[in-house]
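Asker: here is a sequence together with a model predicted from it:
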Amino acid sequence: MPTHPPPVRLIVNPAAGGGKARRLAPQAEDALRAHGLTVHRADTRDLEHARELAVQAARAGETVVVLSGDGAIGAVADALRAVPEAVLGVLPGGRGNDLARVLGVSADLREACATIADGVVRAMDVGEVCPAPQEPHGSAFVGIASVGFDSDANRIANEAPSWLGGLVYAYGALKALASWKPARFEIELDPPGERHAFTAYTIGTANSKAYGGGMLAAPDAMLDDGLLEVIVLESVGKLAFLTKLFPKVFKGTHVNEPSVHVFRAREVSISADRPFTMYADGDPIGELPLRVRAVSAAVRVLVPAHDVATPAFSRSSPLPAGRSQTVAPAFGRDDDQHAGEPADGP
């Protein structure tokens, strides 16, 4: 007996992409309905409202589809951790759209809507930022949480005019470089564990490969391995940063530079010699010192049924297509790969 697909709650952040999501929303509704899906649209007032809408929809048995940038997607993913059977769909509606890019979701809206209708369900990790060791829970993100130079670059990008589009992140980085002063950071991998201290530009904790509109900051990161890629961009001269490091981030080859260090860990604590705001998925998420950890199989996400050019998942098989299966916890990529060991190059 044929089964009907669950209805879709289309959560639209009308401010995303300088109004891009609001403009695309009617097309998204039409495209989803063309695939035979029942669609209920809801526009958000802010991130907290997006969380509320997502939980309400998931508990009603609807597929939660977010048309926005990574900030709102991360907030919704965080909220959906409270609903184990929830399914998240991603439509690119922001400026960066890095999670959609990593998942292989098309930048073309109609093709992206086809993934909502015909895609497969994958269990996806999230990162979680906690303010202090005694705090059992924190705020989740889907992409990369970073601090230091990235704090300045993100703040500038968020204040930049919307007409810059995806170039806003490169703009933020170049403008931040002019006033950047070296900072001293300390990280501890899988506390209590090995400690490292660096004079560095940025400490990044990556659940996913990309941020900043296509920068492959962590090219080896996987969305289902239960680990974070911890990326350290050690301090170099500004000219070397501008000519040797920054251009290579777009291809992920910066990790081969001697000033870049990559570690793997389930959890990392980060502190610095001066105050910094950590940003995740483009939004502020906490003030140093902080702990960041990977949460295995935290959410279920729709991805294209076909293989993508750059795999985002280490496991070969998706979850069954039904929406009622329990997600099994994910574990490390390789049982004999020790957390905190330097990662291999791409």
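Answerer: That came through fine. Numbers count the residues shown, from 1 in each chain.
Asker: ok, longest strand in this protein?
Answerer: Identified as the longest strand of the chain according to DSSP state E is strand 290-303.
Asker: check which residues of that strand are buried.
Answerer: Neighbour-count burial for strand 290-303, counted by 16 or more other Cβ atoms under 10 Å, picks out 290-303. Any C-beta I mention is one placed from the backbone N, CA and C, and that applies to glycine too.
Asker: now swap in stretch 219-234 and tell me
Answerer: Quick answer for stretch 219-234 (16+ other Cβ under 10 Å): 219-234.
Asker: closest one to Gly286 out of the residues you listed, please.
Answerer: Of all those, Gly286 sits closest to Leu228, with 15.3 Å by Cβ to Cβ.
Asker: what does the pLDDT read for the closest one?
Answerer: Note for Leu228: predicted pLDDT of 97.
Asker: out of the buried residues of stretch 219-234, the closest to Arg264 would be?
Answerer: Distance to Arg264 across those (Cβ to Cβ) is lowest for Leu227, with 4.9 Å.
Asker: dump the residue contacts of the closest residue in space to Ala298 that isn't next to it in sequence.
Answerer: What sits nearest to Ala298 in space, not counting adjacent residues and going by Cβ to Cβ, 6 or more residues apart in numbering, is Val126, at 4.3 Å. Val126 makes contacts with 74, 77-78, 81, 140-142, 207, 294-295, 298-299, as judged by Cβ atoms under 8 Å, 6 or more residues apart in numbering.
Asker: how far off centre is the host helix or strand of Val126?
Answerer: Assigned by DSSP states H and E, Val126 belongs to strand 120-130. Distance of strand 120-130 from its chain centroid, counting by Cα atoms, centre = their mean, to the nearest Å, is 9 Å.
Asker: and the angle from that strand to strand 290-303?
Answerer: Orientation note: strand 120-130 sits at an angle of 170 degrees relative to strand 290-303 (axes from the mean of the first three to the mean of the last three Cα atoms, to 10 degrees).
Asker: would you map the strands across the stretch 201-346 of the chain?
Answerer: In the stretch 201-346 of the chain, the strands defined using DSSP state E, counting those that start in this stretch lie at 228-234, 260-265, 267-272, 277-280, 283-287, 290-303.
Asker: all good on my end, thank you.
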